[in-house]
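**Q** build me a model:
(one chain, ligands or ions: 1)
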Amino acid sequence: MNQSDVLVIGAGISGLLCATELQKAGLDVQIVDKGRGVGGRMATRRMSGGRIDHGAQFFTVRDNRFRAYVREWLDLGVVREWYRNAQIDQQEEDHIRYCGVSGMSDAPKQVASILNVHCSQRIQKLLWNGKQWNAMAESGDSFCARELVITAPLPQALQLLETTGLDYAGGVIAKLRDITYAKGLALLAILDGPSGLQHPGVIKPKSDAVEWIADNSIKGICPSKVVGITVQATRAYAEKYWEAEDAVRAPAMLQVMQDNLQSRVVEYRCHRWGFTHPLHIWKGPTKCFRNPEQKLTLAGDAFGGPRVESAALSGLDAAVQILGCNFISSNAD
Ligand SMILES: Cc1cc2nc3c(=O)[nH]c(=O)nc-3n(C[C@H](O)[C@H](O)[C@H](O)COP(=O)(O)OP(=O)(O)OC[C@H]3O[C@@H](n4cnc5c(N)ncnc54)[C@H](O)[C@@H]3O)c2cc1C
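**A** Numbers count the residues shown, from 1 in each chain. Got it, this is the predicted structure:
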């Protein structure tokens, strides 16, 4: 049995920053994640000696609370500027696009390095006995805490909470259930030579199938000899071919690559994202949902917005809400 003041489910950016703030305030915090590593949708994958970002491609900074974290990561050499948006799309605001020095999972790994994180622990059942939460993992391990924070994509969080049989959200449950996510499809590929793209190695082709192509070697996260490409399908294409085999859904994406890149694909694989970003977000006074009686907080991009920074701010807000309830660490008893 693993006991702590607070248990955070989800080691994506929202869960990690929430845990960091709670730990700084003196609480004993544990984080569990079903993934083999931390970062959630800030994900980097190895493929044929290359490194490919297959979830979030970059993050931007608008809020000073997140900027403070990003400054620290910049000072530590964990993240760097990738490009400014005006270089690609002059229609959009010119925010700096940041990425991890060796992939998007770098910043989450840095944050997690001083936290108590248990990976490969998929929570499948929750119990609240009126005093504490018990989270049971598929592995057979249990995690107990007086306070629970769930940062899984909201539909997954609600599914987990159904195992409690609790009325945890009263009249707002319908609003929570209303928040759905877009599906996503990424194709990761290795080329037999340079892509021919110019810095920053990004194009947004005019295509019904593909909305984004990025060259991870020009981005600087893939060793220069290996040309690893991320291709993201449009939402409509991802949803249409959600159940299809790679042999059916990949050819149109590969064709767009062939039309836009100068070398050939020698290897590829597809990755489905069941929860890319929320289609609308929670509208409340805070960027999280909290039930103070049941010591339950829900956070993540469904509450902050469909970006890394917004998810991070939701995690930070969740910590403020928990600490605002004068939560006293059991260590101080
Ligand atoms: C393909 C794609 C491209 C994107 N591009 C961008 C971009 O370029 N810029 C940008 O700002 N944002 C982008 N986003 C959105 C951004 O990645 C997310 O908004 C943000 O990372 C969400 O963070 P989070 O902590 O809320 O959730 P997550 O990162 O999803 O973290 C939740 C964690 O909960 C864990 N979990 C779920 N259920 C359980 C369980 N039962 N037990 C244990 N653990 C569990 C998951 O494994 C996961 O690690 C993109 C997302 C995707 C998928």
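**Q** which bits of this structure sit near the ligand?
**A** 9-15, 32-35, 40-42, 55-59, 122-123, 151-153, 156, 160, 184, 186, 232, 273, 276-277, 300-301, 306-308, 311 (CB under 6 Å from any ligand atom). For the C-beta atoms, the positions are set from N, CA and C on the backbone; glycine is no exception.
**Q** how about the helices in the stretch 101-250 of the chain?
**A** In the stretch 101-250 of the chain, the helices defined using DSSP state H, counting those that start in this stretch lie at 106-112, 154-162, 173-177, 216-219, 235-240, 246-260.
**Q** contacting residues for the nearest residue to residue 48 once chain neighbours are set aside?
**A** Leaving aside its sequence neighbours, residue 48 sits nearest to residue 190 (CB to CB, 6 or more residues apart in numbering; 4.9 Å). Taking CB atoms under 8 Å, 6 or more residues apart in numbering, we find residue 190 in contact with 47-48, 50, 226-229, 265-268.
**Q** same check on residue 31?
**A** By CB under 8 Å, 6+ apart, the neighbours of residue 31 are 7-11, 15-16, 19, 112, 115-118.
**Q** residue 274 too?
**A** Counting by CB under 8 Å, 6+ apart, residue 274 has contacts 153, 181, 183.
**Q** who wins on neighbours among those?
**A** residue 153 (25 neighbours; other CB atoms under 10 Å).
**Q** can you report phi and psi for the closest residue to it other than its chain neighbours?
**A** Setting aside the residues directly before and after it, residue 153 is nearest to residue 275 in space (CB to CB, 6+ apart), at 3.7 Å. Backbone torsions of residue 275, given as degrees, to the nearest 10, read phi -140, psi 90.
**Q** now do the contacts for residue 275.
**A** Counting by CB under 8 Å, 6+ apart, residue 275 has contacts 41, 153, 155-156, 181, 183.
**Q** just to revisit the earlier point, residue 94: which of the contacts of residue 274 is nearest?
**A** residue 181 (28.1 Å; CB to CB).
**Q** hmm, residue 278 and the closest one touching each other?
**A** Yes: at 5.5 Å, residue 181 and residue 278 qualify as touching, with contact defined as CB atoms under 8 Å.
**Q** hmm, back to that, hmm, which of the residues of the chain next to the ligand are the buried ones?
**A** With burial judged by 16 or more other CB atoms under 10 Å, the buried subset of the residues of the chain next to the ligand is 9-15, 32-35, 40-42, 55-59, 123, 151-153, 156, 160, 184, 186, 232, 273, 276-277, 300-301, 306-308, 311.
**Q** what sits closest to the spatially most central residue of the chain if chain neighbours are left out?
**A** With distances taken as CA atoms, centre = their mean, residue 41 lies nearest the centre of the chain, 3.0 Å away. Closest residue to residue 41 apart from its sequence neighbours, by CB to CB, 6+ apart: residue 55 at 4.1 Å.
**Q** for the one you found, what are its contacts?
**A** 39-43, 104, 186, 273.
**Q** got a list of what the residue nearest to residue 256 when sequence neighbours are not counted touches?
**A** Nearest non-adjacent residue to residue 256, counting by CB to CB, 6+ apart: residue 210, 4.3 Å away. Residue 210 sits next to 231-234, 237, 252-253, 256-257 when contact means CB under 8 Å, 6+ apart.
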